[in-house]
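Chemist: what would the 3D arrangement of this be:
(one chain, ligands or ions: 1)
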Amino acid sequence: MKALVLAGGFGTRLRPLSCTRPKMLFPIGDQPLMDWTLKNLSQGGVDTVIMAVNYMAEALVRYLGPTKFDLGIIYSREQRPLGTGGPIKKARELLDGEPFLVLNGDVISDIDVRRLIEYHKAKGGIATVALTPVSDPSRYGAVELDWEGRITRFVEKPEKGLEPSNLINAGIYVFDPKIFDYIPDGRAASIEREVFPVLANERKLYGFEFHGLWTDMGIPDDYLKANQIILSKYEEGVRMGEGAKVDPAAKILAPCYIGPGAEVGADSLIGPNTTICDHVLVGKGCRIENSILFPGATVGDYSSVKNAILGENAILERWVKVESGSLIGDYSMIRDGVTITDGVSICPSKEVSESILERRQVM
Ligand code: GTP
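Modeler: Now for the predicted structure:
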């Protein structure tokens, strides 16, 4: 079975972290996001993945190579962004013949793709969309289903109170090869906005409701939630990489990941829900909670990081506080005593010596 993974988006809502790496390579625990997707596909009986790449394609090609987790990986490279529909049409020659899977590469899910495909075949439509229930559908595409499981209406980002249901498009689909007739050639197209409404009108679009693990990685809070979900699967609670050093007077609260070569100083309290990547240095008396620290970041003595993400080699000096959805770009330097809070983003390589207490981007 073949699957096409949409892996070429800019990830604009996760800038500045996505300025220097594709979202699919963002770390979650001991592996990047992409690995979780590929493992689930491999376990579900997929043998070949077509990786639709555009933004920072080379980083993905270098990381994944021609095969991973027993999957053959073929790259479909776009000269310009083709959106969520164009890459499917572009890969037609690689996909034609049998029904195939398409996935947004920024989704983490344990959906049983075998069951999804069986359901698709049983219904006989042109497309089947995996649907997952959420408490607030307004950020997603919500659907209305008829009693036979057909999607009758597709409402992208419905206003609060006007959602047709709490079931949303999970970004995981099965398509019959007839789908190619519905996608325009040679230009960017949105599968959600241009193709699904037409299929719904023609009564050829079905929904497959599933209740397992699901989260996408659109905004920083989603990324932190994905991190929490993946870490909570660690049976050992706290996973430590090779050569990680935690001072005996430090405390680690599960679930937590501490990568190879990382160091944590005395009297620091780390976790829960925290990914500390390889070669991160955390000083003494620090508090790090519900956060992700990319490789090589440094957290100086008595600093705290809460619900925040530090980019690669970012440096917090001493007595620094980073909180509430803030993102610190790679190689940034936050000076002694500075507080950064309320969704502030700092561009890569910036130096910040005064506190920033309201949402803004520091370029
Ligand atoms: P934002 O820019 O923050 O909206 O993030 P995004 O780039 O992930 O966009 P979006 O959430 O709409 O994308 C859904 C999925 O489609 C993601 O897995 C993207 O990587 C992928 N995607 C979006 N645009 C393109 C594109 O032009 N080409 C390819 N190959 N994939 C795309």
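
Chemist: how many other residues sit next to the residue of the stretch 201-350 of the chain at minimum distance from the ligand?
Modeler: Of all residues in the stretch 201-350 of the chain, G218 sits closest to the ligand, at 5.7 Å by C-beta to the nearest ligand atom. C-beta coordinates here come from the backbone N, C-alpha and C atoms, glycine included. Neighbour count of G218, defined by other C-beta atoms under 10 Å: 18.

Chemist: who touches it in this structure?
Modeler: Contacts for G218 (C-beta atoms under 8 Å, 6 or more residues apart in numbering) come out as R13, L14, D106, R139.

Chemist: domains of the protein?
Modeler: Domain assignment of the chain by automatic domain parsing yields the ranges 2-229, 235-362.

Chemist: now tabulate those in JSON lines and tack on mean pLDDT.
Modeler: Output for the domains of the chain, formatted as JSON lines (pLDDT from 0 to 100):
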{"stretch": "domain 2-229", "mean pLDDT": "93"}
{"stretch": "domain 235-362", "mean pLDDT": "95"}
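
Chemist: surely I356 and V362 touch.
Modeler: Yes: counting by C-beta atoms under 8 Å, I356 does reach V362; the two are 6.7 Å apart.

Chemist: so what sits against both of those two?
Modeler: Common neighbours of I356 and V362, using C-beta under 8 Å, 6+ apart, are V344.

Chemist: of the contacts of G218, list those near the ligand.
Modeler: R13, D106 (C-beta under 6 Å from any ligand atom).

Chemist: filter the contacts of G218 to the buried ones?
Modeler: L14, D106 (16 or more other C-beta atoms under 10 Å).

Chemist: which one is K123 nearest to, not counting chain neighbours?
Modeler: Spatial nearest neighbour of K123, excluding adjacent residues (C-beta to C-beta, 6 or more residues apart in numbering): Y206 at 4.5 Å.

Chemist: who does R150 bridge with?
Modeler: Y206 (DSSP bridges).

Chemist: check which helix or strand covers the closest residue to the ligand within the chain.
Modeler: At 2.1 Å from the ligand, G9 is the closest residue in the chain, using C-beta to the nearest ligand atom. For G9, there is no host helix or strand (DSSP states H and E).

Chemist: do A122 as well
Modeler: Counting by DSSP H and E, A122 is part of helix 113-123.

Chemist: T128 in helix, strand or coil?
Modeler: At T128, secondary structure determined by DSSP: H, G, I helix; E, B strand; the rest coil is strand.

Chemist: cool, the one 4 residues further on as well?
Modeler: When classified by three-state DSSP, T132 comes out as strand.

Chemist: against P22, how distant is G207?
Modeler: 29 Å (C-beta to C-beta, to the nearest Å).

Chemist: and the chain, which residues reach the ligand?
Modeler: 6-13, 23, 52-54, 78, 81-84, 87, 104-106, 218.

Chemist: ok, of those, which come out buried?
Modeler: 6-9, 11, 23, 52-54, 78, 82-84, 87, 104-106, 218.

Chemist: and the angle for the strand ranked longest in the chain with strand 127-133?
Modeler: Secondary structure of the chain per DSSP state E: the longest strand is strand 167-175. Strand 167-175 runs at 150 degrees relative to strand 127-133, counting by axes from the mean of the first three to the mean of the last three C-alpha atoms, to 10 degrees.

Chemist: does anything pack onto the very next helix or strand once past strand 167-175? Which helices or strands?
Modeler: Counting by DSSP H and E, the element after strand 167-175 in chain order, helix or strand, is helix 196-201. Counting contacts by 3 or more C-beta pairs under 8 Å, 6 or more residues apart in numbering; DSSP states H and E, helix 196-201 is packed against strand 127-133, strand 151-156.
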